[in-house]
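Participant: this one's sequence-less:
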């Protein structure tokens, strides 16, 4: 690792950290004012502080690509204004060498973003959802949903939550033409590792002689992807990536709507990769060879504008995907691809290609 690499890496890192802390501080101040009316009613000062701290990982994960863009843009503006970029290029330092420490930093930030979403958010979001519902909205804690119907290939399940981990279960079996092949009723059932364990079971089958043959069983096991999570489905951002992948597969196989989960599955990867794109965009906007204030100011303003547009695009893509207006994969990756195209075009234009 050269001295130049360390200098550029540390300098840009300090600016990214400074901007992140500034945005977090502004967020906390704004959120404190908006929730101040609840102090003394549903919140105490300690609960408000806990609420703010729990919300920071959620906010940082969404804003980190924009933070990287602004931090890298400010750093590039500074070295342009002080002729350091000109000196580097005049000394024969290539564009690849200049971008390497910035891309390395963006990779670290992207991994940090993934780690926040993978191990921190699933913990903080659960508590945050409870506080949001009970303290801010004044509602009762979320209860298990009522009767639910689900399909697993040729089987149709009716689940009714009971106390604890138990459910009342009814399953209908049909053939490929949709004709009834059997019915299973269990007054008590619980789910564990892909298997329903049924107790006090009655199995009904069509019979040519008797019409219907009913068999009583003390216990029965059913293998299926339909589990309790489909009755009270977790939020996509409250799950780790592998759990999210398997849950999405289970929903799809059961014929259930999995758009929100598929979208978050792709965004968990697309979000960190956006940090790399933001570094290239920052250089293409603010890597000027002169010290003119107007040129540097325009570059910073363009970086701020594009950063806000990126955040708006991400938010709107999520809403349109959940509404069924856009394909999941397209919506998850379109902001990254679009801004990669912008960064690539501006970079080629700046380098004279």
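Facilitator: Alright, I've got the coordinates. Note that the structure is predicted; figures quoted are calculated from it, not measured.
Participant: can you list contacts of stretch 31-50?
Facilitator: In this structure, residues lying in contact with stretch 31-50 by Cβ atoms under 8 Å, 6 or more residues apart in numbering are 51-52, 55, 131, 134-136, 138. (Glycine included, C-beta is placed from N, CA and C.)
Participant: and with 7 Å instead?
Facilitator: Identification of contacts with stretch 31-50 by Cβ atoms under 7 Å, 6 or more residues apart in numbering yields 52, 55, 135-136, 138.
Participant: any chance of a ChimeraX selection covering the buried ones in those?
Facilitator: Below is the selection syntax for ChimeraX that covers the buried ones among the contacts of stretch 31-50, with 16 or more other Cβ atoms under 10 Å defining burial:
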select :52,55,135
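Participant: from the contacts of stretch 31-50, which one has the minimum pLDDT?
Facilitator: When it comes to pLDDT, residue 138 is the least confident member of the contacts of stretch 31-50, at 77.
Participant: in helices, which of the contacts of stretch 31-50 fall?
Facilitator: Where the contacts of stretch 31-50 overlap with helices, as defined by DSSP state H, the overlap consists of 52, 55.
Participant: in this structure, what spans have low per-residue confidence?
Facilitator: 1, 140-147, 178, 229-233, 250, 253-256, 289-295, 352-353 (pLDDT under 70).
Participant: residue 304: which of the contacts of stretch 31-50 is nearest?
Facilitator: Of all the contacts of stretch 31-50, the one with the least separation from residue 304 (Cβ to Cβ) is residue 55, at 23.3 Å.
Participant: what's the closest non-adjacent residue to that closest one?
Facilitator: residue 128 (6.1 Å; Cβ to Cβ, 6 or more residues apart in numbering).
Participant: can you get me a residue count around the one you found?
Facilitator: Number of residues near residue 128 (other Cβ atoms under 10 Å) recorded here: 19.
Participant: repeat for residue 21
Facilitator: 11.
Participant: over to residue 160?
Facilitator: Other residues within reach of residue 160 by the criterion other Cβ under 10 Å amount to 16.
Participant: just after whatever helix or strand it lives in, pick out the following helix or strand.
Facilitator: For residue 160, the enclosing helix or strand under DSSP states H and E is strand 155-161. Next helix or strand after strand 155-161 toward the C-terminus (DSSP H and E): strand 167-174.
Participant: listing partners with orientation, what would you give for that next one?
Facilitator: Partner strands and pairing direction for strand 167-174 (DSSP bridges) are strand 155-161 (antiparallel), strand 180-192 (antiparallel).
Participant: indicate which one of those is closest to residue 72.
Facilitator: When those are compared for distance to residue 72 using Cβ to Cβ, the nearest one is strand 180-192, at 47.9 Å.
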